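A.B. asks: Sequence first, predicted coordinates after that:
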Amino acid sequence: MKRFIYPILSAALMLSATVAQAADKPKLVIYTYDAFAADWGPAPAVKKAFEPMCDCEVQFVTADSSIGILRIIQLEGASTKADIALGLDTNLTDIAQKTGLFIEHKADISELNLPIRWTNPVFLPFDYGYFSFVYDSEKIATAPTSFDELLAMPEDFKIVIQDPRSSTPGLGLLLWVRQIYGNKAPEVWKKLKPRILTITKGWSEAYGLFLKGEAEMVLSYTTSPAYHMIAEKVHKYRAAGFTDGHYMQVEVAAVVKASKQQALARKFMAFMLTPAFQDIIPTTNWMYPVAKGKDLPAGFEKLHQPNKALLMSGADVAKNRKAWVQEWLDNVSK
């Protein structure tokens, strides 16, 4: 996620190192998205927890999006400094695996606690959530409860969404609509277009516009209201529950094949499934942990629980993504 407040070369220019190298210790370089490595994201606590265990230095290097992480590693190839890619999701795993740039993690996945069965030996989950439209309950008394109801809202009812070419939530929305409506998806995009205030490159820009009151709803996560309840003590934000079901996102990490620290990288992968990592996730990345730890923080019990979890296979996404993005472009962005 989730993040509170391209072109390959453009993505590469977004790289920024968050810590300096320690001369006397091995260094583990993790490429991740900007929100994960932010001061308020999971990275500082993850670094603090793992470094004493590994007697190493953890360096987070950021891209502007999850999609950007993969693009950068593809660009750098065998010369990449990355040991781990952290922040891809299930919609990208098949595409990423076919690049041949990643190797098996070798972590014990027997204790995974996911709504779906996980068997992939290369990509290891570290959190999950569900896409949703978030709204201010003090401004909207009755939110739409399905895509059909959203499409029936007046055209001055505005939403903010993200671009599926640069944003994992944007891609999630594209697949969400596709899974519900199938070949009728172009009609849905045409009907939705008048209600779209703007399409942003990433999640942060979209959520910022929503918080400023620019739109009635924003594409985000069912867990986003937890941030406001727990961190801000604000209880007016809600995730609109759709009877159609909600598209699921599972975020993953993988060991880079070109890494010179593969043993250390695999140690980190195993660490990701321990309480020391998993208990950090709910109140920093505002997602659900994938392994059992302590109970979820108070406030999570108030979140909308989807009655149906939707998720396409990575193979289906890889096969159809370009065509579906073009379909989206033809009906929404032009």
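C.D. replies: It's in. Only a predicted model underlies this, so the values are computations on that prediction, with no experimental measurement involved. Numbering: from 1, shown residues only.

A.B. asks: Please report the distance of Thr284 from Leu273.
C.D. replies: Between Thr284 and Leu273 the computed distance is 17 Å (CB to CB, to the nearest Å). Where C-beta positions appear, they are placed from N, C-alpha and C, glycine not excepted.

A.B. asks: swap that for Gly213, please
C.D. replies: Using CB to CB, we find Gly213 at a distance of 40 Å from Leu273.

A.B. asks: same check, this time on Phe123
C.D. replies: Between Phe123 and Leu273 the computed distance is 13 Å (CB to CB).

A.B. asks: Break down the stretch 101-250 of the chain into its helices, ranges please.
C.D. replies: 147-151, 168-181, 185-192, 203-211, 224-231 (DSSP state H, counting those that start in this stretch).

A.B. asks: How far away from the center of its chain is the longest one?
C.D. replies: This points to helix 168-181. The chain centre lies 13 Å from the centre of helix 168-181; the measure is CA atoms, centre = their mean, to the nearest Å.

A.B. asks: Would you map the strands across the stretch 101-250 of the chain?
C.D. replies: Read by DSSP state E, counting those that start in this stretch, the stretch 101-250 of the chain holds these strands, from start to end of the chain: 102-103, 124-136, 159-162, 196-200, 217-221, 237-239, 246-256.

A.B. asks: Show me what the fifth one is packed against.
C.D. replies: When contacts are defined as 3 or more CB pairs under 8 Å, 6 or more residues apart in numbering; DSSP states H and E, strand 217-221 packs onto strand 124-136, strand 159-162, helix 168-181, helix 203-211.

A.B. asks: quick one: the last one to strand 196-200, angle?
C.D. replies: Between the axis of helix 203-211 and that of strand 196-200 there is an angle of 150 degrees, by axes from the mean of the first three to the mean of the last three CA atoms, to 10 degrees.

A.B. asks: Helix 203-211 packs against which elements?
C.D. replies: Contact partners of helix 203-211 among helices and strands, from 3+ CB pairs under 8 Å, 6+ apart: helix 34-37, strand 159-162, strand 196-200, strand 217-221.

A.B. asks: let's go with 6 Å and repeat that
C.D. replies: strand 159-162, strand 217-221 (3 or more CB pairs under 6 Å, 6 or more residues apart in numbering; DSSP states H and E).

A.B. asks: what's the average pLDDT for it?
C.D. replies: The predicted model assigns helix 203-211 a mean pLDDT of 95.

A.B. asks: can you list the domain ranges for this protein.
C.D. replies: Taking automatic domain parsing as the domain assignment, the record places the domains of the chain at 8-128+250-300, 129-247+303-333.

A.B. asks: Make TSV from these and add mean neighbour count to it.
C.D. replies: Written out in TSV, the entries for these read as follows (neighbours: other CB atoms under 10 Å):
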stretch	mean neighbour count
domain 8-128+250-300	19
domain 129-247+303-333	19
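
A.B. asks: In terms of mean pLDDT, which of these ranks lowest?
C.D. replies: Across the domains of the chain, the lowest-scoring stretch is domain 8-128+250-300, with a mean of 90.
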